[in-house]
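>>> can you look at this prediction? I've put the sequence above it.
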Amino acid sequence: MSALTWSEALALQHPQMDDTHREFVDLLTELEAAIDGPADALAASLERFVAHTEAHFAQEDRWMGALGFAAENCHAFQHAHVLQLLAEVKAKHAANLPLLRQLVAGLAEWFPQHAQMMDAALAQTMAEQGFDATRGETERPRGANAAPITGCGSVSCSD
């Protein structure tokens, strides 16, 4: 059984974000399955997952920057933490199967909460500002004197 499967509970009604999240889930499932396979297939799966996650988080970080989030916001901090963990596993422990199983299980537990809180808040902020993710432009930008968003953007964090 897969550690994480895509479901509509993960959907945020933002097509570009939902497609990226679906791919994250699919690649995590692929990585989980590759753990019990040949070493070269595992290495390739880990590489695909890391490359996707780097691009995925960079995209969301660019969106947050364009929307007025402070560089040090907690959403971006979680991205940086996960990327650091992936880099360490890839560089030092890629052949450590128990560690990879733990990584997959941890990400499968973390991701739904991250998506349903932080990514949902990002999607809401995008909608409120009329942000076009393709063009990177907002219809209703924050005022020039508005303070940067320093929280995660969710209702449980301060803006």
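That came through fine. Residues are numbered from 1 along each chain as shown.
>>> can you confirm residue 62 is in a helix?
Yes - counting by DSSP: H, G, I helix; E, B strand; the rest coil, residue 62 is part of a helix.
>>> residue 124 and residue 27, how far apart?
Residue 124 is 26 Å from residue 27, where distance means Cβ to Cβ, to the nearest Å. No exception for glycine: its C-beta is placed from N, CA and C like everyone else's.
>>> show me the shaky parts of this structure.
Applying pLDDT under 70 to the chain flags residues 1, 141-159.
>>> residues in contact with the residue most central in space within it?
When Cα atoms, centre = their mean is applied to the chain, the residue found nearest the centroid is residue 57 (5.0 Å). If you count contacts by Cβ atoms under 8 Å, 6 or more residues apart in numbering, residue 57 has them with 79, 82, 83.
>>> secondary structure element for the last one?
Spelled out, that is residue 83. Assigned by DSSP states H and E, residue 83 belongs to helix 74-92.
>>> where does the closest residue in space to residue 120 that isn't next to it in sequence fall, phi/psi-wise?
The shortest distance from residue 120 to any non-neighbouring residue, by Cβ to Cβ, 6 or more residues apart in numbering, is to residue 12 (5.4 Å). Dihedral pair for residue 12: phi -110, psi 10, per degrees, to the nearest 10.
>>> right, and residue 12 touches residue 18 too?
Yes - between residue 12 and residue 18 there is a contact under Cβ atoms under 8 Å: 5.9 Å.
>>> so residue 13 touches residue 123, yeah?
Yes - counting by Cβ under 8 Å, residue 123 is a contact partner of residue 13 at 7.2 Å.
>>> the two: who's more crowded?
residue 123 (22 against 11; other Cβ atoms under 10 Å).
>>> that one contacts residue 12, doesn't it?
Yes - Residue 123 lies in contact with residue 12 (Cβ under 8 Å); the separation is 4.5 Å.
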